[in-house]
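Asker: Please find the sequence and the predicted model below.
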Amino acid sequence: TEEVELALAEAERSDWKRVPLAERAAILERTAESQRLRRVELAAWICFEAGLTWTRADEEVAGAIDALAGVEAVDSFGTCAVITPSGSPFETVARLCGAALLAGDAVVLKPARGTPLTAWKLVDALRDAGLPGSALTMLPGHGDEVVPSLLAHPRVRHAAFSGSFQASLSIKSALGEDRPGRLERLGPQLIQVDATTDLDALFAEGFAVGPWLHAPSADLEEVKGRLRERLGSLSVGPSIVLASDVGPLPDAEAFRSALAWAGAKPPASEAAGYFVEPVVRTHFGSGDAAPMEDRPGHLIALTAAPA
């Protein structure tokens with residue numbers, strides 16, 4: 001697309017690689033310090049756009065600060081495409097972009113569809129700290145439209161990605177054998193539980209992606225009942241309200257996808273917000289891939305453990 005061409009042409013003009021390593025690291029450190037000073041503001045913005053609860057939004061900002069202040073060194077390959085998820089719209093952007101920038105590579109960032117302004121907050125802070133504009137450009141939009149064109153372009157020499165397992169396979173295929181990729185495959189955790197499992201401890205920190213729980217057949221009904229009781233105690237409401245345990249989803253597409261997974265009836269109007277109640281789903285067809293599909297952390301798959 002024209003936008004991809006323009007972004008990559010800008011990256012091609014960058015002389016970021018010529019900036020001394022110490023100065024590149026100093027820019028990342030200055031950005032981290034600016035985020036410390038704006039921590040509450042940034043968390044509020046993440047609540048507003050991503051629908052994360054206040055606790056999780058604050059953790060995102062804290063994680064981004066730590067990532068920028070202690071960037072892990074990676075090899076330099078040339079222009080890097082960075083593709084990030086809505087479940088971690090700030091920390092993952094900071095970590096993946098920071099690593100490529102420290103290496104001296106220009107970055108073209110494709111943030112999650114529903115959280116472009118959260119990502120832009122970080123891009124803007126990096127530029128305020130001294131990062132040249134050509135060293136980091138951003139391409140918002142729908143992944144199905146932007147990512148294939150971006151990865152197919154010969155100017156993209158490597159990629160960094162965090163997201164679903166299926167998407168990571170597509171990206172690996174698009175990169176081929178000649179271009180490296182740093183691919184973080186996210187997805188539901190498979191967790192063994194039984195009638196004695198401490199569910200409060202299990203869910204204490206929440207899940208970015210709804211887990212897939214396996215329970216012995218003899219314990220299945222008891223575990224299901226306890227799970228429903230535990231999820232029923234969660235407060236669903238606006239993210240900015242401190243008492244909310246579950247906030248809204250970031251956009252209509254994510255909302256409709258979550259409703260479909262949960263088997264919930266769509267509302268007559270979406271004007272009230274993209275809220276989906278916590279669900280324990282136990283019925284899946286033979287060979288059904290639904291337990292492994294990406295979904296919000298409060299949508300739980302529960303099945304009997306294989307004998």
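Answerer: Everything's here; your move.

Asker: I'd say H214 and A304 touch.
Answerer: Yes: with contact defined as Cβ atoms under 8 Å, H214 reaches A304; the gap is 7.3 Å. Yep, even glycine has a C-beta here, placed from its N, CA and C like the rest.

Asker: Please say which of those two ends up with more neighbours.
Answerer: H214 (19 against 14; other Cβ atoms under 10 Å).

Asker: Please report how far the more buried one lies from L231.
Answerer: 18 Å (Cβ to Cβ, to the nearest Å).

Asker: Likewise for G133?
Answerer: Distance of G133 to L231, computed by Cβ to Cβ: 46 Å.

Asker: And the strands in the stretch 151-300 of the chain, which stretches?
Answerer: Applying DSSP state E, counting those that start in this stretch to the stretch 151-300 of the chain gives strands spanning 158-164, 181-186, 190-192, 212-215, 279-281, 299-304.

Asker: May I see those arranged in CSV, with distance to A201 and mean pLDDT as well?
Answerer: Below are those laid out as CSV (distance: least, Cβ to Cβ, whole Å; pLDDT from 0 to 100):
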stretch, distance to A201, mean pLDDT
strand 158-164, 26, 92
strand 181-186, 22, 86
strand 190-192, 12, 94
strand 212-215, 14, 95
strand 279-281, 18, 96
strand 299-304, 16, 95
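
Asker: Name the stretch among those strands that sits most buried.
Answerer: When the strands of the stretch 151-300 of the chain are scored by mean count of other Cβ atoms under 10 Å, the highest mean neighbour count falls to strand 158-164 (a mean of 24).

Asker: Which neighbours in the sheet does that strand have, and how are they oriented?
Answerer: strand 80-83 (parallel), strand 181-186 (parallel) (DSSP bridges).

Asker: got the CA coordinates for the helix or strand of the chain with the lowest mean pLDDT in PDB?
Answerer: Least confident helix or strand of the chain, by mean pLDDT, DSSP states H and E, is strand 181-186 with a mean of 86. Below are the C-alpha coordinates for strand 181-186, written out as PDB (Å, rounded to 0.1, in the frame of the first residue of the first chain):
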ATOM      1  CA  GLY A 181      11.900 -12.900  13.400                       C
ATOM      2  CA  ARG A 182      11.500 -12.500  17.100                       C
ATOM      3  CA  LEU A 183       8.100 -14.100  17.600                       C
ATOM      4  CA  GLU A 184       6.500 -14.200  21.000                       C
ATOM      5  CA  ARG A 185       3.600 -16.600  20.700                       C
ATOM      6  CA  LEU A 186       0.800 -15.800  23.100                       C
END
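
Asker: Having no further points to raise, I will conclude here.
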